[in-house]
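Novice: Next comes the sequence, and after it the predicted model I'd like to discuss.
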Amino acid sequence: MVSSKAGVQRKAQANAPAHIKRKMLSAHLSDELAEKYGKRTARVCKGDTVVVLRGDEDICGTEGKVLEVFTKTGRVSIEGITIKQADGTAVKRPIHASNLVITKLNLEDTLRAEVLGKKKEAAQ
């Protein structure tokens, strides 16, 4: 982002193309994973296990599996974290990806595992 104006930054983020919005869904890796893969961040994917670092007291420190990723808003829904609606029903609470730390990666996708391993190989 070039502008220092918050409104301009929000507009640029909201109107960004999909290939840039995808990068906005990255979160820090835990210390063990960062050392293992030689990377600091990774894109949050469905099936990853994450810990919430920021937010209300009731959700901060909660660990759970990623159920859904909302690329349009840059948010993620996590297992066990809900919010009550006015009528009392519980719905999934979306949390911004930057407020999370990935503790366990979902490596079912072989391409993802391959890409994560490349950085460590290049460093050696």
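Specialist: That came through, no problem.

Novice: quick one: contacts for residue 3?
Specialist: Contact analysis of residue 3 by C-beta atoms under 8 Å, 6 or more residues apart in numbering lists 9, 12. For every residue, glycine as well, the C-beta is placed using N, CA and C.

Novice: Look up how far residue 4 lies from the residue most central in space within the chain.
Specialist: Closest residue to the average C-alpha location of the chain: residue 97 at 3.3 Å, with C-alpha atoms, centre = their mean. Distance from residue 97 to residue 4, counting by C-beta to C-beta, to the nearest Å: 23 Å.

Novice: Correct me if wrong: the residue nearest to the centre of the chain contacts residue 23.
Specialist: No. The pair residue 97 / residue 23 is not scored as a contact, 10.3 Å apart, by C-beta atoms under 8 Å.

Novice: And for residue 116, the neighbour number?
Specialist: Neighbours of residue 116 under the rule other C-beta atoms under 10 Å: 18.

Novice: now do residue 90
Specialist: Residue 90 - counted by other C-beta under 10 Å - has 10 other residues nearby.

Novice: Contacts for the longest strand along the chain next, please.
Specialist: In the chain, taking DSSP state E as the definition, the longest strand is strand 75-84. Identification of contacts with strand 75-84 by C-beta under 8 Å, 6+ apart yields 25, 44, 50, 52, 59, 62, 64-70, 90-97, 100.

Novice: Recalculate using a threshold of 10 Å.
Specialist: With contact meaning C-beta atoms under 10 Å, 6 or more residues apart in numbering, strand 75-84 is reached by 25, 27, 44-46, 48-52, 55-56, 58-59, 62-70, 89-100.

Novice: so of the residues you listed, which ones are in helices?
Specialist: Using DSSP state H, no member of the contacts of strand 75-84 falls in helices.
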